[in-house]
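*Asks:* task: produce atomic coordinates for the following.
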Amino acid sequence: MASNRNPKNLREFIEKSKLDVEEINLTSRNEFEESLKNLKNLSQEEKSEIGMLKTRIDEQSRLIMILKQRGDEYIRKNSALEKLNQELNEKKDELEKECHESNYKYKSLLDKFDYLAENHEELIKIKDEYKSKNVELTMKYVQLLDKMKNVPDEEAFKLEKNALNDKINHLSELYNGYEVKLTSLKIENENFENKLKEEMTKTEHLNKELSALIENNNELKNKNKDLIEYLEKLKEENRLSNENSSKRIDELVKRNNEIELVCENLKKEKLTIQENHANLEKSYRILHQELIKVRDSFNKDVLHDELEEANRKYSDLQKQFNAYKNYTNGLLEKEKELNNKLRFMIS
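*Replies:* Model prediction:
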């Protein structure tokens, strides 16, 4: 069954498709602007390194979903255009079939019209011929009447007169029959002419409609081709974006795990340093107390040696503390460097 879409409906459908594509693009831009606004309005906690990383991962996930929705929307639009193109091709085939049938009917009617016109001319010739013969017989009849006036045999004259009258009546009947047949053929010829004109008008209308449909179909094919190319390009961009986003998400997750591991190590190292520092202070206090206790029980030289030994131990502990402090600062510098790299990757 043929589609009920006309060229006007096709143009409206194409314009609607363009508006839908613009609406999708506008929606995507609005969603992107809204995401950017939300990113600017992050809280202090979200602005931290780990919070920003998680927020960025969520933004990437939403962006992937937006791109997927746009791809699905373009696929639906392309399917609708392909269905419309198929309906147009069916309508085109049906119109071509109707046009072919109309041309065949037109040719048949034209042949029949030529045949009737030829028969009409033949009948006119026969009619003229019978008119001539009728005139000729009438003249002969008049001549015979003149001759019979001089003939004494009335019986023979009557017989010949009756024969001539019968012949004249027969010719008149033939003439009337041909006259009726000629009138019927004229009426039939007029009907065929009217029908032929209607078929010609219908054929011309179908040809115009077919030409308009072919032109619209070609225009739609070109637009459909452009849309398919744009859709393929968008699919490729979406695929690359998904791949890049997946890679970046994996890398960000890996970096996040590394940062969490570094943070845990930093916490452990900090606790270790705090414990060492506390032990160092405790040892220093114990040593100081012991020095006070043994100050009176040992001589000055022994106390001096023990004091130097204690100072040496304190110096060693101070060096260990400074080493731990430098190591911690190095870890903090590495953490800052990783954060800077993450910021660069996110931007």
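
*Asks:* quick one: the helices in the stretch 201-347 of the chain?
*Replies:* For the stretch 201-347 of the chain, the helices defined by DSSP state H, counting those that start in this stretch occupy 300-346.

*Asks:* how many neighbours does the spatially closest residue to Ser102 that is not a sequence neighbour have?
*Replies:* In this structure, Ser102 finds its nearest non-sequential neighbour in Thr203, 4.2 Å apart by Cβ to Cβ, 6 or more residues apart in numbering. C-beta here means a position set from N, CA and C on the backbone, and glycine is covered the same way. Each residue near Thr203 was counted by other Cβ atoms under 10 Å, and the total is 17.

*Asks:* check Asn216 too.
*Replies:* 19.

*Asks:* do I have it right that it meets Asn89?
*Replies:* No: between Asn216 and Asn89 there is no contact under Cβ atoms under 8 Å: 11.8 Å.

*Asks:* domains of this protein?
*Replies:* Recorded structural domains for the chain (assignment: automatic domain parsing) are 7-261, 262-346.

*Asks:* where's the residue nearest to Ser102 relative to Tyr104, distance?
*Replies:* Applying Cβ to Cβ, to the nearest Å, the value for Thr203 to Tyr104 is 10 Å.

*Asks:* ok, Leu231 next?
*Replies:* 43 Å.

*Asks:* those two: which has the busier surroundings?
*Replies:* Leu231 (16 against 10).

*Asks:* residue contacts, that one?
*Replies:* Leu231 makes contact with 74-75, 78 under the criterion Cβ atoms under 8 Å, 6 or more residues apart in numbering.

*Asks:* mind redoing it with 7 Å?
*Replies:* Going by Cβ atoms under 7 Å, 6 or more residues apart in numbering, Leu231 touches 74, 78.

*Asks:* next one: the one 10 residues further on
*Replies:* The neighbours of Ser241, taking Cβ under 7 Å, 6+ apart as the test, are Leu67.

*Asks:* at 8 Å instead, please
*Replies:* Counting by Cβ under 8 Å, 6+ apart, Ser241 makes contact with 63-64, 67.

*Asks:* nearest to Arg285, of those?
*Replies:* Nearest to Arg285 out of these is Leu63 (Cβ to Cβ; 59.5 Å).

*Asks:* next, find the distance separating the closest one from Gly71.
*Replies:* Distance, Leu63 to Gly71, by Cβ to Cβ: 13 Å.

*Asks:* quick one: the strands in the stretch 151-300 of the chain?
*Replies:* Along the stretch 151-300 of the chain, counting by DSSP state E, counting those that start in this stretch, no stretch forms strands.

*Asks:* helix or strand: which one has Met65?
*Replies:* Taking DSSP states H and E as the criterion, Met65 maps to helix 49-149.

*Asks:* average pLDDT for that helix?
*Replies:* Average pLDDT, helix 49-149: 75.

*Asks:* swap in stretch 340-347?
*Replies:* Here stretch 340-347 scores 62 as its mean pLDDT.

*Asks:* then stretch 255-272?
*Replies:* So the average pLDDT for stretch 255-272 ends up being 71.

*Asks:* repeat that for stretch 282-300.
*Replies:* Here the average pLDDT along stretch 282-300 is 64.

*Asks:* who touches stretch 104-113?
*Replies:* 189, 192-193, 195-196, 199-200, 203.

*Asks:* over to stretch 192-211?
*Replies:* For stretch 192-211, contacts defined as Cβ under 8 Å, 6+ apart pick out 92, 95-96, 98-99, 102-103, 105-106, 109-110, 112-113, 116.

*Asks:* at 10 Å instead, please
*Replies:* Contact with stretch 192-211 is made by 6-7, 91-92, 94-96, 98-103, 105-110, 112-113, 115-117, as judged by Cβ atoms under 10 Å, 6 or more residues apart in numbering.

*Asks:* just the buried ones among the residues you listed, please.
*Replies:* With burial judged by 16 or more other Cβ atoms under 10 Å, the buried subset of the contacts of stretch 192-211 is 91-92, 95, 98-99, 102, 105, 109, 116.

*Asks:* just those now: which is nearest Arg285?
*Replies:* Nearest to Arg285, judged by Cβ to Cβ, of those is Lys91 at 100.9 Å.
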